[in-house]
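In: sequence first, predicted model second:
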Amino acid sequence: MTYQESLDALKNIETAQYRPDHQNSLHLMTYLDSPQNTLPVIHIAGTNGKGSTAKYIQSILTHAGYTVGTFLSPHILDYRELIEDYEGVISESDFSEGTDLVLRACNRMVDDLLNHPTLFECLVAIALVHFRHKKHDFIIIEVGMGGTYDATNVFDKPLMTIITPISFDHEQYLGTTLEAIAAHKAGIIRADSPVIMAPNPIEVVMTVTNKVKEVDTFLYLLDESLLQISLLFNSYKRKLFNISTPFYAYNGLSTQMIGRHQEINIATALLAIHELKKKWSISDSAVKSGIANTTWTCRNEWVSYNPMILVDGGHNPQGLMAVKDILETYCKDKAIITVIGMLKDKDYKAMLNLAESFSHKIILTPPRSPRAMTLDDLNLSPNTKIEWIDPFEQAIKKGLSLLDNSSVLLITGSLYLAYPAKMWLKDNL
């Protein structure tokens, strides 16, 4: 199977209705000789901060000399974006080989009168058979949605489970209360696998704690009131700080991933590293180098300093609040020109209201997704502050035309806008 044939075959998989059941994934693992059982997995669930936390851990472990594979979603332009290891994104030949193996297993399932796995279930399986072949020291897997019924929830005994901050998202699938959403996220918790938990609302903490007691494992909770951050230097390019918790303390850490929300992600990653240090050698110098060199595309990323252009894939009000905090901290004397594109299954009305609160001008545009919000969805009243421009390239051009030394261009609302916008700017700025 060539790479193009693998892409065509995956794209031909009929889009399946979401089902609150992941038996297909478990069946597929069996037909692939259970690759998940051989992998040293760190499994991460949550609403915000999953990818950033994973990237900090990956970078620290890599600087400590270990080989690390990651499965982080979503992909934007290419399925291969999901799967990375020490050589970068999975090669076309490895992806094709994995696709061929997985789709053959899918066909055997259908022959045995089982349902054909969904596209995402297949992509998870491709990642796991690839990681089995590569024999990494660590594998970091990010949940796609929820936890209990997610396609990644196939591990009997991960090295650890990490729960990042939980808030409202995917309510149509996960429930309309934080307790219900947290219960889904906690579904990946397993016996004898420690749980690392970021600061969260009390109802989330109680829900996760109950699950931990139910399966009889250990919970390491990062209490924000006991997290101490001392900033030594803070600019829109980099910050230098000391950090201490009851579990660990580090002085002189540096990060280029700005924003106060990243302090929580760093603290959570360091708690995971604290637990891993009990069995693996991870020096403080590896921690410092790992944090300093962590990057994560389109997450509060400056793609240009002159002119000032900030790109962020935040897709919910909590993500946009983090962007607002960055702008108020580092750009309080600047006019904000916002190009925003959102998905219709997100809380786009709340996001638009929030964007209006800090933006001088808003240019709405559809992200590159079949779930993109449209002008009809918004039902806007006449407003000189807000303008709709389609396609996104023209929206960015309009934003650039308004940009000067006293303003910042923000591109946000969804990774399905942020990433294509970053690629376009790379060639056109």
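Out: Alright, I've got the coordinates.
In: ranges for the strands of the stretch 51-200 of the chain?
Out: Secondary structure of the stretch 51-200 of the chain (DSSP state E, counting those that start in this stretch): strands at 68-71, 83-85, 88-89, 138-142, 160-163, 195-197.
In: out of the ones you listed, indicate the one that is most buried.
Out: Across those, averaging neighbours per residue (mean count of other Cβ atoms under 10 Å) puts strand 160-163 on top, at a mean of 28. No exception for glycine: its C-beta is placed from N, CA and C like everyone else's.
In: I'd like to check what contacts that one. Which residues are they?
Out: 42-46, 53, 185-186, 188-190, 193-198, 200, 208, 268, 272, 275-276 (Cβ atoms under 8 Å, 6 or more residues apart in numbering).
In: C-alpha coordinates for the longest helix seen in the chain, PDB please?
Out: If you go by DSSP state H, the chain has its longest helix at helix 92-111. These are the backbone C-alpha positions of helix 92-111, laid out as PDB (Å, rounded to 0.1, in the frame of the first residue of the first chain):
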ATOM      1  CA  GLU A  92       4.900   8.100   5.000                       C
ATOM      2  CA  SER A  93       6.200   4.500   4.700                       C
ATOM      3  CA  ASP A  94       5.600   3.700   8.400                       C
ATOM      4  CA  PHE A  95       2.200   5.200   8.200                       C
ATOM      5  CA  SER A  96       1.300   3.200   5.100                       C
ATOM      6  CA  GLU A  97       2.500   0.000   6.600                       C
ATOM      7  CA  GLY A  98       0.500   0.600   9.800                       C
ATOM      8  CA  THR A  99      -2.600   1.500   7.800                       C
ATOM      9  CA  ASP A 100      -2.400  -1.700   5.800                       C
ATOM     10  CA  LEU A 101      -2.000  -3.800   8.900                       C
ATOM     11  CA  VAL A 102      -4.900  -2.000  10.700                       C
ATOM     12  CA  LEU A 103      -7.300  -2.100   7.700                       C
ATOM     13  CA  ARG A 104      -6.700  -5.800   7.200                       C
ATOM     14  CA  ALA A 105      -7.700  -6.300  10.800                       C
ATOM     15  CA  CYS A 106     -10.800  -4.200  10.200                       C
ATOM     16  CA  ASN A 107     -11.800  -6.400   7.300                       C
ATOM     17  CA  ARG A 108     -11.400  -9.500   9.400                       C
ATOM     18  CA  MET A 109     -13.600  -7.900  12.000                       C
ATOM     19  CA  VAL A 110     -16.300  -7.300   9.400                       C
ATOM     20  CA  ASP A 111     -15.900 -10.900   8.100                       C
END
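In: mind giving me the packing neighbours of it?
Out: Where contact means 3 or more Cβ pairs under 8 Å, 6 or more residues apart in numbering; DSSP states H and E, helix 92-111 is packed against helix 3-11, helix 23-31, helix 119-134.
In: dump these to JSON lines, plus mean pLDDT, mean neighbour count and distance to residue 346.
Out: Below are the helices and strands packed on helix 92-111 laid out as JSON lines (pLDDT from 0 to 100; neighbours: other Cβ atoms under 10 Å; distance: least, Cβ to Cβ, whole Å):
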{"stretch": "helix 3-11", "mean pLDDT": "92", "mean neighbour count": "15", "distance to residue 346": "24"}
{"stretch": "helix 23-31", "mean pLDDT": "94", "mean neighbour count": "19", "distance to residue 346": "25"}
{"stretch": "helix 119-134", "mean pLDDT": "96", "mean neighbour count": "24", "distance to residue 346": "18"}
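In: so which of the ones you listed is nearest residue 38?
Out: helix 119-134 (5.5 Å; Cβ to Cβ).
In: and the angle from the longest helix of the chain to helix 23-31?
Out: 110 degrees (axes from the mean of the first three to the mean of the last three Cα atoms, to 10 degrees).
In: now helix 92-111: buried residues?
Out: Using 16 or more other Cβ atoms under 10 Å as the test for burial, helix 92-111 gives 94-103, 105-106, 109.
In: do the same with stretch 420-429
Out: 420-422, 425.
In: tell me the mean pLDDT for it?
Out: On average, the pLDDT along stretch 420-429 is 92.
In: likewise for stretch 96-108?
Out: 96.
In: i'd like the first residue to be 26 from this point on
Out: With the count now opening at 26, the last piece we talked about shows up as stretch 121-133.
In: ok, and what's touching that stretch?
Out: So stretch 121-133 is contacted by 26-28, 30-31, 34-35, 53, 56-57, 115, 141-142, 147, 150-152, 154-155 (Cβ under 8 Å, 6+ apart).
In: appreciated, that's everything.
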